[in-house]
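Trainee: Predicted structure and sequence below. I'll ask about it afterward.
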Amino acid sequence: MADPEIHQFICLSDNYGVLLREPGSGVVASIDAPKAEEVAAALAVKGWRLTHILTTHHHWDHTDGNSALKRSTGCTIIGPRGEAARVPGIDKRVGEGDTFMLGGLEVRVLDTPGHTAGHISYWLPAAKVAFVGDTLFAIGCGRVIEGTPEMMWRSLAKLRELPPDTSLYCGHEYTLANARFALTIEPENAALEARAKKVEAQRSRGEMTLPTTVALERETNPFLRPQSAAIRKRLGMEKAEDWQVFAEIRERKNRS
């Protein structure tokens, strides 16, 4: 089976749009739909016909294009079971443990709540790709809006345990701000320091910093590193639970 073709592009101001095409069948999925016109323009550039939208969560900047794209293409919209009432045009409701096929590609659904109560991620094991919406960002994570810090930590821990070579596509281009904050939490992390310099250069050239990988996030993302002795010492939380360390880091990011 040929690897899927993936096309990533900026939508709105800092959202990422992502198109996935399975060559064997010609099936084309949009991961979320931030803006119908921008998704349609990306499809036209590639010469692809949309067949599916995979919705990660209900927020408007991930679903605004659903209805218009469904009207114009007849696509099938798949989304989180726990937020089905808030996902425009949803056809198929999925959650933890569900699998479905996109052409010849198996897609596994992971519940990753915290940013929203019913947020899900899509993992394609054979393609070594996961689409994680606003749960995990490069060197960061989403705000805990509808869930709890402990819930969000469980979701991040689940993503952290995916195979290290899994490519991660996230919902937003926040990497530079995240890197600068991360250095206040773990300034002695040489890998993080090197990555921050690389990100600074990428953004100065207007380049995208995604996708990232599970291995790189494990090494440089403080939100996935609450077990770090250096982080715990800096926060004065040597004996705290991992989720409590995570919660403190997230609260500091909220204030930054």
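Mentor: Sure thing, it's come through. Predicted model, so just to flag it, every value in this text is computed and none were measured.

Trainee: which stretches of the stretch 51-200 of the chain form helices?
Mentor: Assigned by DSSP state H, counting those that start in this stretch, the helices in the stretch 51-200 of the chain fall at 60-63, 66-73, 149-160, 175-185, 190-204.

Trainee: Residue 135: which of these is closest?
Mentor: For residue 135, the closest of the helices of the stretch 51-200 of the chain is helix 149-160, at 5.3 Å, according to C-beta to C-beta. From N, CA and C alone the C-beta is placed, and that goes for glycine too.

Trainee: List the buried residues in that closest one.
Mentor: 149, 151-156, 158-160 (16 or more other C-beta atoms under 10 Å).

Trainee: What of stretch 234-242?
Mentor: Buried, per 16+ other C-beta under 10 Å, within stretch 234-242: 235, 237, 242.

Trainee: got CSV for these, with pLDDT too?
Mentor: Shown next, in CSV, are these (pLDDT from 0 to 100):
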residue, pLDDT
235, 97
237, 98
242, 98
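
Trainee: Hmm, residue 107 is touching residue 101, no?
Mentor: Yes: contact criterion C-beta atoms under 8 Å: residue 107 and residue 101 qualify, at 7.1 Å.

Trainee: contacting residues for residue 134?
Mentor: 56-57, 59, 62, 115-116, 119, 142, 170-172 (C-beta atoms under 8 Å, 6 or more residues apart in numbering).

Trainee: just to revisit the earlier point, higher neighbour count, residue 107 and residue 101?
Mentor: Taking other C-beta atoms under 10 Å, residue 107 and residue 101 do not tie; residue 107 has more neighbours (24 against 11).
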